[in-house]
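Engineer: Quick one, what's the 3D model for this:
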Amino acid sequence: MRFDRMSPYRRRGVWVSAAIAVAALLVAALLVGQALTPQSTRPDRPAVASDPTPSTVEQSPEESIPAAAPAPAGLPVVDYDPAPGGFPVDPASMDTTPLAEGAHPKKRIAAYDAPGGRPRAFIEPTISGVDLTMPIADRRAGWTAVLLPSANRRLAWLPPGGFDTVPLRDQIVVERKVHRLTWYRAGKAVRSWEVSLGQSGQDTPLGRTFILGRTPPPEEVYGGVDVYALGAVPDDPESVPDSLRGAHIGVHTWHNDDDLGENTTNGCIRLTRSGQRELLAEVRPGSSVVVVDKLPTPPPTA
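Structural biologist: Model prediction:
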């Protein structure tokens, strides 16, 4: 939703007029967005049970590394607009196993559709001036699969070199049916909040994504708290108002909490101001976010 390129609006017409002005403000803010250094927290509750099968694949020492085909100079660059096509579907998109490592490009690198496959786009160290860290979802034959930004449920394969590997200790899991967001650290649930989600036809997209960056609130209706833009975009871009086209799904607050627990947004995830402030202070960009219908077992913080 391009109104702010990362945040939601209500279905009520009163907010649609604000959307047009928000677009320019948030795009400018994203240009100067900065990643936070998270502070330490001591979770004392057990983690929600997750798929026992890890998403990463260990590489055999004897396994050969497929060569990377040269990338044509004219390939598109992944940016805030919808990502180029041709990238593979994330086969473990609904897996809530924490992704504990991220890839941060050190330079412009080519992204492929498979290990040794076809180059589809370039990925740069920043998107709109914000440092880019993509959660690592898989490793195979010396190649690394990351969650693709500006796309839903897609992977990009990176050949060896060209990126730094950084630790990720946090994860956010959102349950659509019970309108709950839970923050995990090192696999343990720390806290849960009630949230508002996307209205009918503009549902909050399912699957794995990640925190792309943060921006100041563009209007007073956001409660004076920064917004987190996610790597996800609306599943049906044509369903949102024209003024919101091209924006990402976001995590943010609102000027009141009247609609918590309801489906009232244009796809974004809305929580309390105190909850958003805590996430901004503790959870760094690059951390994974998984949206599911419902966890098999409620988190102990619920």
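
Engineer: quick check: longest strand of this structure.
Structural biologist: With secondary structure taken from DSSP state E, the chain has its longest strand at strand 207-215.

Engineer: Tell me the helices and strands packed up against that strand.
Structural biologist: Contacts defined by 3 or more C-beta pairs under 8 Å, 6 or more residues apart in numbering; DSSP states H and E place strand 207-215 against helix 13-31, strand 130-131, strand 134-140, strand 143-147, strand 227-230, strand 288-292. Backbone N, C-alpha and C define where each C-beta goes, glycine included.

Engineer: Please, where are all the helices along this structure?
Structural biologist: 13-31, 273-282 (DSSP state H).

Engineer: Flag the shaky bits of the chain, pLDDT-wise.
Structural biologist: The chain contains residues with pLDDT under 70 at 1-63, 243.

Engineer: got the CA positions of stretch 290-301 in PDB?
Structural biologist: The C-alpha coordinates for stretch 290-301 follow below in PDB (Å, rounded to 0.1, in the frame of the first residue of the first chain):
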ATOM      1  CA  VAL A 290       5.600 -15.700  10.200                       C
ATOM      2  CA  VAL A 291       1.800 -15.200   9.700                       C
ATOM      3  CA  VAL A 292      -0.300 -18.400  10.200                       C
ATOM      4  CA  ASP A 293      -4.000 -19.000  10.700                       C
ATOM      5  CA  LYS A 294      -3.400 -20.500  14.200                       C
ATOM      6  CA  LEU A 295      -0.700 -22.200  16.200                       C
ATOM      7  CA  PRO A 296      -1.500 -25.800  17.300                       C
ATOM      8  CA  THR A 297      -0.800 -24.800  20.900                       C
ATOM      9  CA  PRO A 298      -1.300 -21.200  22.300                       C
ATOM     10  CA  PRO A 299       2.000 -19.600  23.300                       C
ATOM     11  CA  PRO A 300       2.500 -19.500  27.100                       C
ATOM     12  CA  THR A 301       2.200 -15.700  27.100                       C
END
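
Engineer: What separation do you get for the spatially closest residue to residue 197 that is not a sequence neighbour and residue 214?
Structural biologist: Distances taken as C-beta to C-beta, 6 or more residues apart in numbering put residue 204 closest to residue 197, at 4.5 Å, once the chain neighbours are dropped. From residue 204 over to residue 214 the distance is 19 Å, taken as C-beta to C-beta, to the nearest Å.

Engineer: buried sites along stretch 133-150?
Structural biologist: The neighbour-count check on stretch 133-150 (16 or more other C-beta atoms under 10 Å) flags 133-140, 143-150 as buried.

Engineer: Between the two ends of it, how far is it?
Structural biologist: In stretch 133-150, first residue to last residue: 13 Å (C-alpha to C-alpha, to the nearest Å).

Engineer: Equivalent analysis for stretch 139-155, please.
Structural biologist: 12 Å.

Engineer: Ok, stretch 141-150 next?
Structural biologist: Terminal residues of stretch 141-150 are spaced 26 Å apart (C-alpha to C-alpha).

Engineer: Residue 68: what's it in contact with?
Structural biologist: Residues counted as contacts of residue 68 (C-beta atoms under 8 Å, 6 or more residues apart in numbering) are 110, 112, 116, 119, 159.

Engineer: Neighbours of the residue nearest to residue 197, how many?
Structural biologist: For residue 204, the tally of surrounding residues (other C-beta atoms under 10 Å) stands at 26.

Engineer: For residue 105, which residues are in contact?
Structural biologist: By C-beta under 8 Å, 6+ apart, the neighbours of residue 105 are 123-125, 132, 162-163.

Engineer: Just to check, residue 170 is in contact with residue 280?
Structural biologist: No. With contacts defined as C-beta atoms under 8 Å, residue 170 does not count as touching residue 280, sitting 11.9 Å away.

Engineer: Between the two, which is the more surrounded one?
Structural biologist: Counted by other C-beta under 10 Å, residue 170 and residue 280 do not tie: residue 170 has more neighbours, with 22 against 18.

Engineer: Name the residues linked to the residue nearest to residue 264 when sequence neighbours are not counted by a beta bridge.
Structural biologist: Ranked by C-beta to C-beta, 6+ apart and with sequence neighbours excluded, the top spatial neighbour of residue 264 is residue 196, at 5.2 Å. Residue 196 has these beta-bridge partners by DSSP bridges: residue 270.
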